[in-house]
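[1] predicted model and sequence below, questions to follow.
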Amino acid sequence: MKHSWFVLAAGLAAALLSTARGQTPGLDFAEPLRLVSCEPASTVPCFRMKLNLVDGRGQPYNAQLPPADKLASQITVTMGGQQIKPFYATAAGESVAKVRGRAALIIVDISGSMKKVLPSGQTRFDAAKAAVRSFLEQFEEGADRVAVVPFESHLVEDRIRSAVFARTRSAAMAQVDALPEPDIRNNTALFSAVVFGIDTLARALPAIEKEMGESPEAMVIVLTDGNNEVLKGDDLGLLAGPAGLDEAARRVRQAQFPVIAIGFGEPGSLDESALRQISTKYYLASDYDGLRRIFAFTRTFLNNRLSATFSSPWPDRASLAGQNLPVTVELALPNGQVLRSPEVLWSAPQMGVPVYAGKCTPEEMKAVLAALPVSAGWTSIIRPLGVFCGLALLLLILWHWVPRLIWPEQYIGVMPGTGQTKWASQTRVVNGVIAGRPAPPGFQRGPGGVAMPPRSAADATVVNPQAHRDFSQTRLGNRQGPAPPREPF
């Protein structure tokens, strides 16, 4: 009996310890790890990461961060078993001056199930519109770009691709008011909506970046209350089934910004497994208050992000080809607390060199130059010159030396088997006559080197075949006088 009580107590303690560990705050990757170029400041590839501080439930965690000038030194990245210190780190704050700009695409489900009435008397659709309006209440003109679009199972691509990113709060609110009412005949093309949303935001970001002068923080938010449902009469080509789920999940993993999925309904009424696969972060709300809270801290994640850039432990992109590198991050806070991130995997293409996803900002360029040793600056200049000189020497060898090995007879002074030297080096002119070999018959000079009189129209060309010569050669016979007249036929 004592033994069984001991085992039960140990199990309970382990469960409590596990729960406590699960509730501890930590770091969460806000975006996939990105490979960026810091050339010409450094030829070594760099990685940029963006993190959020979260509590054990995945919600924003408020903590005092190290001072800005010491933030990078308090971060430790472990990549492929090697520990690296970032050369640049910054934390975005609430003020517009500190925020790089924000862009959000909100996709709202208007399928038939959104007409369901909640205990509060609202329909799910009305609650969703109210929650989006609360999200837009904090819209900051000059820093925010927000587009709100509907989706169901008809005109899915056209509606999402026609998104217009509003520059003012009133324009964004007008998009919420313009959302069409759900129809009982509408199904839910969830997988396709996520894919089209990723494509739409990715296409809009270059113009937004050009307008703002820098890359904004970006996010796709998908609000739905159902499962992916595509039936007869819906748009052709919509993603469905396990293959459609895999395609949507693959596109989310490749996206350069987070995709937030918000399930609106009771636990068990949604395909939560699929929603987790087609998003970087999934939340569930059963009423308006829960939905409003999720939109509130989703905006907090968009505002408050920790960004850090570090050099790759490998010297060039070719060394990263085919690599699958586990990455974890630790942040030491001023109070002695250490926040840790879960392990993520950065994977390079199995074939070919990984492609840069962007370039370092001017601030990152300055930081990487300051972090490089003095000799490294000279190396970054001398190395390209050495590569250029090596390629030039290789080209010189291929152009002048290799042909002499392949065709040696073209580069010797005497033609093989003739015993005669080359014409170009042995041609001589003696008494106005080119010496070296006799003139062909009919072109000889007379006695004393006097040239023969020019031929007249009546002179005949006589073919004089010789047994030891090629019959294809034509020679002019000696002209002894006028040609005999031709006999009539």
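    Arrived safely.
[2] use CA for all of it now, contacts and neighbours both
    Will do.
[3] low-confidence ranges, the stretch 251-400 of the chain, go.
    372-384 (pLDDT under 70).
[4] now residue 107: which helix or strand?
    Following DSSP states H and E, one finds residue 107 within strand 102-109.
[5] against which helices or strands is the following helix or strand past that strand packed?
    Using DSSP H and E, the helix or strand that follows strand 102-109 in sequence is helix 124-136. Judged by 3 or more CA pairs under 8 Å, 6 or more residues apart in numbering; DSSP states H and E, the packing partners of helix 124-136 are helix 169-177, helix 288-303.
[6] any idea where the helices of the stretch 251-400 of the chain begin and end?
    272-277, 288-303, 362-371, 374-400 (DSSP state H, counting those that start in this stretch).
[7] what are the buried residues along the shortest one?
    Put plainly, it is helix 272-277. In terms of neighbour count (16 or more other CA atoms under 10 Å), helix 272-277 has its buried residues at 272, 274-277.
[8] now render those as a markdown table, adding distance to residue 50.
    What follows is those, written out as a markdown table (distance: CA to CA, whole Å):
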| residue | distance to residue 50 |
| --- | --- |
| 272 | 26 |
| 274 | 25 |
| 275 | 22 |
| 276 | 20 |
| 277 | 20 |
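[9] of all the helices of the stretch 251-400 of the chain, which one comes closest to residue 77?
    Of all the helices of the stretch 251-400 of the chain, helix 362-371 sits nearest to residue 77, with 16.2 Å by CA to CA.
[10] buried residues in the closest one?
    In helix 362-371, counting by 16+ other CA under 10 Å, buried: 364-365, 367-369.
[11] ok, so of the residues you listed, who is nearest residue 321?
    residue 368 (23.2 Å).
[12] and of the helices of the stretch 251-400 of the chain, who's closest to residue 163?
    helix 288-303 (19.7 Å).
[13] and the angle for the closest one with helix 124-136?
    Helix 288-303 runs at 40 degrees relative to helix 124-136, counting by axes from the mean of the first three to the mean of the last three CA atoms, to 10 degrees.
[14] show me what helix 288-303 is in contact with.
    With CA atoms under 8 Å, 6 or more residues apart in numbering as the test, helix 288-303 has contacts from 30, 52, 59-60, 92-94, 99, 102, 127-128, 130-132, 134-135, 217-219, 262, 264, 283, 285.
[15] out of those residues, which end up buried?
    Applying 16+ other CA under 10 Å to the contacts of helix 288-303 flags 30, 52, 59-60, 92, 99, 102, 127-128, 130-132, 134-135, 217-219, 262, 264, 283, 285 as buried.
[16] so residue 219 makes contact with residue 258?
    Yes: in this structure, residue 219 is within contact of residue 258 by CA atoms under 8 Å, at 5.3 Å.
[17] three-state assignment of the residue nearest to residue 194 when sequence neighbours are not counted?
    Distance criterion CA to CA, 6 or more residues apart in numbering; nearest residue to residue 194, sequence neighbours excluded, is residue 248 at 6.8 Å. Secondary structure state of residue 248, per DSSP: H, G, I helix; E, B strand; the rest coil, is helix.
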